[in-house]
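[1] Got a sequence here, can you build the structure:
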Amino acid sequence: MNLPAPTQADRIKYLTPDETKRLEEFLRDRLISMMGEFHQAGRYRRGLLKDFRDYLLTLFLLETGARIGEALKVQRRHLKLYERRPYVELITLKRRKATSRKVPIFSDLLISALSNFILYREAVEGRKINANDLIFPITKRQAERNIKKILLQVIDDKEKAHPHTLRHTYGVLWTIRGLNPFILANWMGHATMNTTLIYTQIAIRDNYDYARELYQKSSI
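    Numbering: from 1, shown residues only. Reported below is the predicted structural model:
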């Protein structure tokens, strides 16, 4: 199997294990805190809802590997949160013909936050969120700006403070975990395996830090 040239991997921006852990903990703390605050917020609920949306969208990108444009196209009907095996259906971009893919959701926090977000929106907007309603009603430019602000609260590298960094982090993490690259390619909506194998190149180059973290998590 021929791996992509190292120069391709060098251009990829992704979060280190420490940065990923800090971001996960930061998002968890903020989302859980806001879920506790929402019912007490009164007339400030609309502002709190917008903040919740931005933190939730950041977690969604980290946990699904979606492109920002794909995440913003997710409708209520695309979320299968109460299935035995929860997943989200993403409309794959960068294809001449519209196709969709199913990406499993393993994060209980993401499932809970998505479910609550829909209920919060219904309470604030005074209407039911229907099957064809967008989950994240925000422009791409605004989403990128807000996610950048969130990431800069956790990391110092401005070049990494971009939604696509979360997609690359997803790819690197699952590669290090040993996921079959053909499955990863399907989850990420890659047109060719060469794109997926870039993460293999990164894993070969940078696997020590990730392997050490996985070892520490699994140690008795």
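[2] Just give me the neighbour total for residue 182.
    Other residues near residue 182 come to 11 when the count uses other Cβ atoms under 10 Å. Every C-beta, even on glycine, is put in place using the N, C-alpha and C of the backbone.
[3] What of residue 190?
    Neighbour count for residue 190, taken as other Cβ under 10 Å: 21.
[4] is it true that it touches residue 196?
    Yes - Residue 190 is within contact range of residue 196, at 5.1 Å (criterion: Cβ atoms under 8 Å).
[5] Overlap in contacts, these two.
    When contacts are counted by Cβ atoms under 8 Å, 6 or more residues apart in numbering, the set common to residue 190 and residue 196 is empty.
[6] show me the contacts for the residue most central in space within the chain.
    A centroid search over the chain (Cα atoms, centre = their mean) returns residue 61, at 1.6 Å, as the residue closest to the centre. The contact partners of residue 61, taken as Cβ under 8 Å, 6+ apart, are 68, 71, 147, 163, 166, 167, 170.
[7] List the ones among those that fall in helices.
    Using DSSP state H, 68, 71, 147, 163, 166, 167, 170 are the members of the contacts of residue 61 that sit in helices.
[8] and the fourth one, how many neighbours does it have?
    So that's residue 163. Under the criterion other Cβ under 10 Å, the count of neighbours that residue 163 has is 23.
[9] Skipping its backbone neighbours, what lies nearest it in space?
    By the measure of Cβ to Cβ, 6 or more residues apart in numbering, the closest residue to residue 163 outside its immediate chain neighbours is residue 68, 4.2 Å from it.
[10] before we move on, back to that, quick one: pLDDT of the residue nearest to the centre of the chain?
    Listed pLDDT for residue 61 reads 98.
[11] returning to that earlier point: most neighbours of all the ones in helices among the contacts of residue 61, which one?
    Scoring the ones in helices among the contacts of residue 61 on neighbours with other Cβ under 10 Å, the highest-scoring entry is residue 166 at 30 neighbours.
[12] so that residue makes contact with residue 57?
    No - if you go by Cβ under 8 Å, residue 166 and residue 57 don't touch, sitting 9.8 Å apart.
[13] Now list whatever residues contact both of those two.
    Here residue 166 and residue 57 have residue 147 as joint contacts, going by Cβ under 8 Å, 6+ apart.
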